[in-house]
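A.B. asks: Coordinates only, no sequence provided:
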């Protein structure tokens, strides 16, 4: 088998490549059978050998050929390869398309490899044919499967950023939380003295700010009432022994009794702790009293002296 013997032959002659012979009485080369499509028949073949998945052969082929890049064949014994579909890639000899993973695409059929999304774009899904532009407030490196948010203290209105350093610093007078697309102006009562802040700072007690987008606070005038975070200065007329504060009921400034251990000079001034050597036993104290002879007090905020 796999050979033929002519008249007067001294040796058997092998069937040529691309053909086979499974009989023992072949008398001429033409008696060898042509190898069918989807199989290989090297010289002297007795039977055709089916091509494996990922390869093919046309009729009368001596060997099977691997599917070219961009094509595939999932079955045995085939004479052709299929074109790789969009969203997938087929390397040389592929038995099946390989779906492009997130961050890459195959925009057209017949791709041998997936292409990474370019900087400034991303693709969260697999089997995709196109990339999505990056979002404002974010950046997208090469091959990104998701947009990465600009860090707190920065922002961006663009959709083509490729690295975090391209997010812009938040300017003074405003704050930028993570993923900001624009600076948020500071509200009255707050400020941002430098750029790159993620939140505005409240004005300290004794200062105020009645405007938005401020980079500093204004000093409160002597005798005016400006608690922390004040958006305006107030001029309460609290009597000695009391102090001004905002009411929890209506948010307006009211006068409250000075607590023991504190002195309250009145007007818009805040309560002051009694200094060492002084005390305030009662509420509504205008001025802390000095410890009498023979007594002492080393702490602040005291309500009595020690013997």
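C.D. replies: Nice, thanks for sending it over. Just so you know, these numbers come straight off a predicted model, no measurement behind them.
A.B. asks: What residue in the chain is the furthest from its centre?
C.D. replies: The C-alpha centroid of the chain is most remote from residue 8, which lies 82.7 Å away (Cα atoms, centre = their mean).
A.B. asks: Isn't residue 148 up against residue 154?
C.D. replies: No - using Cβ atoms under 8 Å, residue 148 is not in contact with residue 154; the gap is 11.9 Å. Heads up, the C-betas are built off the backbone N, CA and C, glycines and all.
A.B. asks: still on that earlier bit, pLDDT value on the residue farthest from the centre of the chain, please?
C.D. replies: Per-residue pLDDT puts residue 8 at 83.
A.B. asks: and residue 101, how many residues sit next to it?
C.D. replies: By other Cβ atoms under 10 Å, 16 other residues sit near residue 101.
A.B. asks: Quick check: it touching residue 116?
C.D. replies: No - Residue 101 lies out of contact with residue 116 (Cβ under 8 Å); the separation is 10.0 Å.
A.B. asks: Within its sheet, name the partner strands of the helix or strand of the chain with the lowest mean pLDDT and how each one runs.
C.D. replies: Evaluated with mean pLDDT, DSSP states H and E, the helix-and-strand set of the chain has its lowest mean pLDDT in strand 242-246, which scores a mean of 78. Paired with strand 242-246 in the same sheet, following DSSP bridges, are strand 253-257 (antiparallel).
A.B. asks: after the partner strand comes which helix or strand?
C.D. replies: Using DSSP states H and E, the helix or strand that follows strand 253-257 towards the C-terminus is strand 262-263.
A.B. asks: Report the separation between residue 148 and residue 232.
C.D. replies: Counting by Cβ to Cβ, to the nearest Å, the separation of residue 148 from residue 232 is 41 Å.
A.B. asks: Between the two, which is the more surrounded one?
C.D. replies: Applying other Cβ under 10 Å to residue 148 and residue 232 shows that residue 148 carries more neighbours, namely 18 against 15.
A.B. asks: Dihedrals phi and psi, that one?
C.D. replies: Backbone torsions of residue 148, given as degrees, to the nearest 10, read phi -100, psi 130.
A.B. asks: so residue 136 touches residue 168, yeah?
C.D. replies: No - counting by Cβ under 8 Å, residue 136 stays clear of residue 168, with 11.6 Å between them.
A.B. asks: coming back round to it: contacts for the least confident helix or strand of the chain next, please.
C.D. replies: With Cβ atoms under 8 Å, 6 or more residues apart in numbering as the test, strand 242-246 has contacts from 225, 227, 234, 236, 238, 252-258, 264, 266-271, 284.
A.B. asks: Show me what counts as buried in that strand.
C.D. replies: Along strand 242-246, these residues count as buried under the neighbour rule (16 or more other Cβ atoms under 10 Å): 242, 243, 244, 245.
A.B. asks: Repeat that for stretch 264-271.
C.D. replies: Quick answer for stretch 264-271 (16+ other Cβ under 10 Å): 264, 265, 266, 267, 268, 269, 271.
A.B. asks: cool, stretch 185-202 as well?
C.D. replies: Using 16+ other Cβ under 10 Å as the test for burial, stretch 185-202 gives 185-192, 195-198, 200, 202.
A.B. asks: Could you do stretch 213-224 as well?
C.D. replies: Quick answer for stretch 213-224 (16+ other Cβ under 10 Å): 213, 214, 215, 217, 218, 220, 224.
A.B. asks: now swap in stretch 126-137 and tell me
C.D. replies: Buried residues in stretch 126-137 (16+ other Cβ under 10 Å): 126, 127, 128, 129, 131, 132, 134, 135, 136, 137.
A.B. asks: related to what we said a few turns ago, switch the buried residues of stretch 213-224 over to CSV; also include secondary structure.
C.D. replies: Output for those, formatted as CSV (DSSP: H, G, I helix; E, B strand; the rest coil):
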residue, secondary structure
213, coil
214, coil
215, coil
217, coil
218, strand
220, coil
224, coil
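A.B. asks: Give me the lowest-pLDDT entry from those residues.
C.D. replies: residue 224 (74).
A.B. asks: I figured it hits residue 237, correct?
C.D. replies: No - using Cβ under 8 Å, residue 224 is not in contact with residue 237, being 11.2 Å away.
A.B. asks: rewinding a little: so what's in contact with residue 136 and residue 168 at the same time?
C.D. replies: The contact sets of residue 136 and residue 168 overlap at residue 156 (Cβ under 8 Å, 6+ apart).
A.B. asks: burial of residue 228, as a residue count?
C.D. replies: Neighbours around residue 228, by other Cβ under 10 Å: 12.
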